[in-house]
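[1] Give the three-dimensional model of this entry:
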Amino acid sequence: MTTNLPKLQCLSERVFRVLGCNPGPATLQGTNTYLVGTGNRRILIDAGEGVLQYKDCMKQACLQLNCTIQEIIITHWHLDHCGGVADIRRFTNSLNLKVSKLPRVPFQEEPVEYGGGYTFLSHGDLITTEGATLRVLHTPGHTDDHMALLLEEEGAVLSGDCVLGETTAVFENLRDYMNSLKTILNLAPSLIYPGHGPVVKDAVGWLKNYITHREHREMQLLSAMQAEPSRSYTPSDLVSIVYTDIPNNLVKLAIVNVHQHLKKLEEEGKIVKDEGGKQEQWRCRL
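    As a prediction, the model looks like this:
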């Protein structure tokens, strides 16, 4: 059960949340987008996925704050974070509205509908507006181009999908993801404004729980495989063994996570991959 969140909410003196109006099993209440700053020109963090209702909510938020959008920063390439860029450009009547993100690794072209393409940022870059300074943090793992942003005036982190306000996140590279969690933890943030879910007030405790959860899950998977060390396991096999209370609509996401755990364990030499089968499967190193 997810927490009910209002579509528009002032979270602090300089952070205002506008929900993406796209709720679902993977997006929770919807994608969180944030207007950041204190003046009449503010930075928009993420742009939803192009839902008509979201554009209406953004218009209402700008009227409420008496502001326009200075520029857009996209935390990563997933559609629920960048799909609304064209609508925002139309709403602001600005074909040239600056839209920035980190590049994909390896680099690839990323066209942006309705207007110019992305301006690419680098780790450590500073983006400023009245009342807010944002420092770019490359936090790969969820995606190769993922960024979080340190809001220096608050010591808070806008975490994108590296950290969620409820439940755990999915990732495409677990080693990178664990390192990114530790990067954010080392900042000891005052709180986290996540890409989905409510604000995380105990940021340090939540990050430690995230790291501990992944380490515990890894131990569960290894223990399950060691119970029958000669058997080979697919990610689906292990989800049915380890995820005993997961709702059906989250099974596919669990399989993705387990697949990444198995790849990490293989890289570390703790398990081996069986070659030649129709499905990817792994077994204990005997």
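[2] I'd like to know which elements the helix or strand hosting Trp206 is packed against.
    Using DSSP states H and E, the element containing Trp206 is helix 203-227. Here helix 203-227 touches helix 174-186, strand 192-194, helix 235-242, helix 251-267, strand 281-284, going by 3 or more Cβ pairs under 8 Å, 6 or more residues apart in numbering; DSSP states H and E. Bear in mind the C-beta positions are built from the backbone N, C-alpha and C, glycine included.
[3] Determine which of those approaches Leu35 most closely.
    strand 192-194 (11.4 Å; Cβ to Cβ).
[4] all strands for this protein, in order.
    8-10, 15-19, 32-36, 41-45, 68-73, 99-101, 119-120, 126-129, 132-138, 147-151, 156-160, 192-194, 271-274, 281-284 (DSSP state E).
[5] Now render those strands as a markdown table, adding mean neighbour count, mean pLDDT and distance to Val242.
    Shown next, in a markdown table, are those (neighbours: other Cβ atoms under 10 Å; pLDDT from 0 to 100; distance: least, Cβ to Cβ, whole Å):
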| stretch | mean neighbour count | mean pLDDT | distance to Val242 |
| --- | --- | --- | --- |
| strand 8-10 | 15 | 98 | 36 |
| strand 15-19 | 24 | 98 | 32 |
| strand 32-36 | 26 | 98 | 29 |
| strand 41-45 | 23 | 98 | 35 |
| strand 68-73 | 20 | 97 | 37 |
| strand 99-101 | 21 | 97 | 35 |
| strand 119-120 | 13 | 95 | 39 |
| strand 126-129 | 15 | 98 | 41 |
| strand 132-138 | 20 | 98 | 31 |
| strand 147-151 | 25 | 98 | 29 |
| strand 156-160 | 28 | 98 | 26 |
| strand 192-194 | 26 | 98 | 25 |
| strand 271-274 | 16 | 94 | 14 |
| strand 281-284 | 19 | 94 | 14 |
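[6] With Ala224 as the reference, name the closest of the ones you listed.
    Nearest to Ala224, of the strands of the chain and by Cβ to Cβ, is strand 281-284 at 10.2 Å.
[7] would you put the C-alpha positions of that closest one in PDB?
    C-alpha atoms of strand 281-284 as PDB (Å, rounded to 0.1, in the frame of the first residue of the first chain):
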ATOM      1  CA  GLN A 281      21.100 -20.000 -15.500                       C
ATOM      2  CA  TRP A 282      23.800 -20.200 -12.800                       C
ATOM      3  CA  ARG A 283      25.100 -22.700 -10.300                       C
ATOM      4  CA  CYS A 284      27.400 -22.700  -7.300                       C
END
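[8] Output the below-cut-off pLDDT ranges for the stretch 51-200 of the chain.
    113 (pLDDT under 70).
[9] buried set for the helix holding Trp206?
    Within helix 203-227, the residues that count as buried by 16 or more other Cβ atoms under 10 Å are 203-204, 206-207, 210, 214, 217-218, 220-221, 224-225.
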